[in-house]
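> Pasting the sequence and the predicted model now:
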Amino acid sequence: MHEKTIAQLGAGLAAGHFSSEELTRAFLERIERFNPLLNAFITVTAEAALAQARAADERRRRGEAGPLTGVPMAHKDIFCTDGVRTSCGSRMLDRFIAPYNATVVEQINAAGAVMLGKTNMDEFAMGSSNETSFYGPVRNPWDLDAVPGGSSGGSAAAVAARLTPGATGTDTGGSIRQPAALCGITGIKPTYGRVSRWGMIAYASSLDQGGPMARTAEDCALLLGAMAGFDPRDSTSVDRPVPDYSAHLDQPLDGLKIGLPREYFGAGLDSAVAQAVEAAIAEYRKLGAEMVEISLPNSQLAIPAYYVVAPAECSSNLARFDGVRYGHRCEDPKDLLDLYTRSRGEGFGAEVKRRILVGTFALSAGYYDAYYLKAQQIRRLISEDFRRAFTQVDVIMGPTSPTVAFNLGEKADDPITMYLSDIYTIAVNLAGLPGLSLPVGFVGQRPVGLQLIGDYFTEERLLNIAHRYQQVSDWHNRAPAAFG
Amino acid sequence: MSLGPAEVAKIAHLARLAIRDEDAPAYARNLSAILDLVAQMNAVDTAGVAPMAHPLDTAQRSRTDEVTEFNQRERFQAIAPRVEAGLYLVPKVIE
């Protein structure tokens, strides 16, 4: 059963080939067997999952099942789950039992899906390798010496190893797309405002966006349909109808104009990754698409601007962790200042501290114009680049990541090298556009991802474009040998 | 821009973040490297470019002024490090 996609599992449940309880047990057994190798889950909620599965089976008997009813899945441990530890990969929240559900969790529950547990992640979603987690790194199921990417590395590894058919992720600078690429699965970061951020622990509020991770575009369409929608509790949620993302997956691609930004194929791109990406693009030509060379001239400014905007917003957001109302509190504080500084100093790991410090500096008196304001102006230039491109083309394609998965520990001591691994994904967050990564090959044992970037609210089109490729390729069906 | 351990200590104080003295030089090195990366922004003239705060350039919504939350004090305080009689406890602030 674990080999099946969400769409296939939904069909199997509907046909009565197996019950949700049987399915859930099968995945829980796989988690028990394989998670010690991968460390993809921080918390497994076996009892609650079986109860949810039985309720889903009951719902189906009443004739009230939808496409996700009874399908197991996992949530990144950044989404608050009522009564279940929500750690955000941090010692700060190691004992934090969320008192409410995130909107995304509520919506997926309402669809009848079964939560298997909470997946590992870089601490507070700050990282590109899952090595900053308080709970230790996740390993890449394709090669246990490799990182799974980050920050949604636990979700990506769990889906790739067939420990869950789908999972939620969040993407602030590439945290859905990059791990999806490095683990050989499909993931979509929707348009900013499409998926509610309520109950999703904030990192950089003007960039953060939740989205689904699964094996196929077809599965992502099902999950995104359940996740998307207006939420009055999120002040930046967009009030706009949610299309049926599955309705036009098969639409032909004749005449599709694909933009290839020359900045995404230049120095720094691994040549074997470039080859796999170019082969995928050639396949799109066979599907009827035409290629247009375009330029996104401000691309090289995305990382510098991001490392002002994201740390500045994180330093503000993470000010709430003060050791008073929830989260880690130091022993025997001698005064209030000591309580704050020591609780935070002990609760946060090194990368989170670095970003808080950078953000605090950038927002401190006298520096605002030089840093945050400047970064916001550059953000405008970057988004104008995309706006111009989308007057010429329907979709932009390029590599998701400049290399395949790197080795555990390879970049852990050098923050700057680590930051550069998000070179193709960050601009999309700064502009607030939707982006998708799908598997298009391997370099050795390690997967390569193709990134699709669309104009605002074109998730349906991106899923269609990815799905058509998956009809003529089988990368998304390959399973890592040890987890087949 | 280059920061030294003393500047790191000052920023850490602003951020209410305890940094061990022996870690300050490494933070100073990393922060300086990050600020050098960020300095690439200065290569571009942004005079007259409107800053972009929201990806979709929409204004924040406001809602009608009515009570939407109910009291869940016990539920929320159940996860607090120290509470007593419905109050959050912190070290004495006023002598």
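Ah, there it is.
> looking at chain B, which helix or strand is least sure?
In chain B, no helix or strand scores lower on mean pLDDT, DSSP states H and E than helix B:73-77, which sits at a mean of 93.
> Residue A:67: what's it in contact with?
Going by CB atoms under 8 Å, 6 or more residues apart in numbering or on different chains, residue A:67 touches A:7, A:10, A:111, A:222, A:246. C-beta: built from backbone N, CA, C; applies to glycine.
> Run through the residues that contact the first one.
Read that as residue A:7. Residue A:7 is in contact with A:67, A:216, A:218-219, A:222, counting by CB under 8 Å, 6+ apart.
> Repeat that for the last one.
Residues counted as contacts of residue A:246 (CB under 8 Å, 6+ apart) are A:67, A:218, A:221-222, A:225.
> Next, give me the two most distant ones among the contacts of residue A:7.
Within the contacts of residue A:7, A:67 and A:216 form the most distant pair, 13.6 Å apart (CB to CB).
> Tabulate the contacts of residue A:67 (CSV), appending distance to residue A:430 and pLDDT.
Output for those, formatted as CSV (distance: CB to CB, whole Å; pLDDT from 0 to 100):
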residue, distance to residue A:430, pLDDT
A:7, 33, 98
A:10, 36, 98
A:111, 31, 98
A:222, 29, 98
A:246, 30, 98
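> quick one on the thing from earlier: most neighbours among the contacts of residue A:246, which one is it?
residue A:221 (30 neighbours; other CB atoms under 10 Å in any protein chain shown).
> follow-up on the earlier one: what sits up against the least confident helix or strand of chain B?
With CB under 8 Å, 6+ apart as the test, helix B:73-77 has contacts from A:99, A:325-326, B:83, B:86, B:88.
> Contact partners for the residue in chain A positioned nearest to chain B?
Across chain A, the shortest distance to chain B (CB to the nearest CB) belongs to residue A:432, at 2.2 Å. Residue A:432 sits next to A:191-193, A:383, A:456, B:54-56 when contact means CB under 8 Å, 6+ apart.
> Apply 10 Å and report the result again.
Residues near residue A:432 by CB atoms under 10 Å, 6 or more residues apart in numbering or on different chains: A:190-194, A:206-207, A:209, A:236, A:379, A:383, A:386, A:456, B:52, B:54-57.
> Kindly report the same for residue A:30.
Residues near residue A:30 by CB under 10 Å, 6+ apart: A:1-2, A:116, A:158, A:161-164, A:483.
> May I have the phi/psi pair for it?
Main-chain torsions, residue A:30, degrees, to the nearest 10: phi -60, psi -40.
> hmm, back to that, so which of the contacts of residue A:246 comes closest to residue B:94?
Relative to residue B:94, the closest of those is residue A:225; by CB to CB it sits at 54.8 Å.
> List the contacts of residue 71.
In the absence of a named chain, chain A is used. A:4-7, A:9-10, A:12-13, A:20, A:23-24, A:27, A:53, A:56, A:108, A:111-114, A:164-166, A:219, A:222-223.
> hang on, the earlier thing: are any of the contacts of helix B:73-77 buried, and if so which?
Those of the contacts of helix B:73-77 that meet the buried threshold are A:99, A:326, B:83, by 16 or more other CB atoms under 10 Å in any protein chain shown.
> Verify the contact between the first one and residue A:80 for me.
So that's residue A:99. Yes - with contact defined as CB atoms under 10 Å, residue A:99 counts as touching residue A:80 (8.1 Å).
> Now do the shared contacts for those two.
Each of residue A:86 lies in contact with both residue A:99 and residue A:80 under the rule CB under 10 Å, 6+ apart.
> ok, the nearest residue to residue A:54 once chain neighbours are set aside - contacts?
Leaving aside its sequence neighbours, residue A:54 sits nearest to residue A:21 (CB to CB, 6 or more residues apart in numbering or on different chains; 5.6 Å). By CB under 10 Å, 6+ apart, the residues touching residue A:21 are A:49-57, A:70, A:114.
> And the strands in the chain, which stretches?
With no chain named, the answer covers chain A. Counting by DSSP state E, chain A has strands at residues A:41-44, A:72-76, A:114-119, A:166-171, A:186-189, A:209-214, A:257-261, A:290-294, A:395-399, A:435-443, A:446-454.
> actually it's chain B I care about, not the one you picked
Going by DSSP E, chain B shows strands at B:83-84, B:87-88.
> And the contacts of the last one?
It refers to strand B:87-88. A:324-326, B:76-77, B:80-82.
> what residue lies at the spatial centre of the chain?
Just going to use chain A. In chain A, the residue lying closest to the centroid (CA atoms, centre = their mean) is residue A:176, at 2.2 Å.
> Chain B was what I was after
Short answer for chain B (CA atoms, centre = their mean): residue B:15, at 6.7 Å.
> and that one, how far is that from chain A?
Residue B:15 sits 4 Å away from chain A, going by CB to the nearest CB, to the nearest Å.
> which residues sit in contact with the residue lying closest to that residue once chain neighbours are set aside?
In space, and not counting its chain neighbours, residue B:15 is closest to residue A:360: 4.2 Å by CB to CB, 6+ apart. Residue A:360 makes contact with A:311-312, A:314-316, A:319, A:367, B:10-17 under the criterion CB under 10 Å, 6+ apart.
> do the same with residue A:395
When contacts are counted by CB under 10 Å, 6+ apart, residue A:395 touches A:253, A:256-259, A:284, A:289, A:389, A:436, A:452-455, A:458, A:461-462, A:464-466.
> Going through those residues, which ones are buried?
Buried members of the contacts of residue A:395, counted by 16+ other CB under 10 Å: A:253, A:256, A:258-259, A:284, A:289, A:389, A:436, A:452-455, A:458, A:461-462, A:464-466.
> Residue 38: what's it in contact with?
You didn't say which chain, so I picked chain A. Here residue A:38 is in contact with A:31, A:120, A:137-141, A:144, A:148, A:153-154, A:157-158, A:160-161, A:163, A:482-483 (CB under 10 Å, 6+ apart).
> My question was about chain B, not that one.
With contact set as CB under 10 Å, 6+ apart, residue B:38 has these partners: A:303-308, A:311, A:358, A:362, A:370-371, A:374-375, B:1.
> what ranges do the helices span in the stretch 251-400 of chain A?
Counting by DSSP state H, counting those that start in this stretch, the stretch 251-400 of chain A has helices at residues A:271-286, A:302-317, A:336-347, A:350-363, A:374-392.
> May I see those arranged in JSON lines, with distance to residue A:295 and mean pLDDT as well?
Output for the helices of the stretch 251-400 of chain A, formatted as JSON lines (distance: least, CB to CB, whole Å; pLDDT from 0 to 100):
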{"stretch": "helix A:271-286", "distance to residue A:295": "17", "mean pLDDT": "98"}
{"stretch": "helix A:302-317", "distance to residue A:295": "14", "mean pLDDT": "98"}
{"stretch": "helix A:336-347", "distance to residue A:295": "44", "mean pLDDT": "98"}
{"stretch": "helix A:350-363", "distance to residue A:295": "29", "mean pLDDT": "97"}
{"stretch": "helix A:374-392", "distance to residue A:295": "8", "mean pLDDT": "98"}
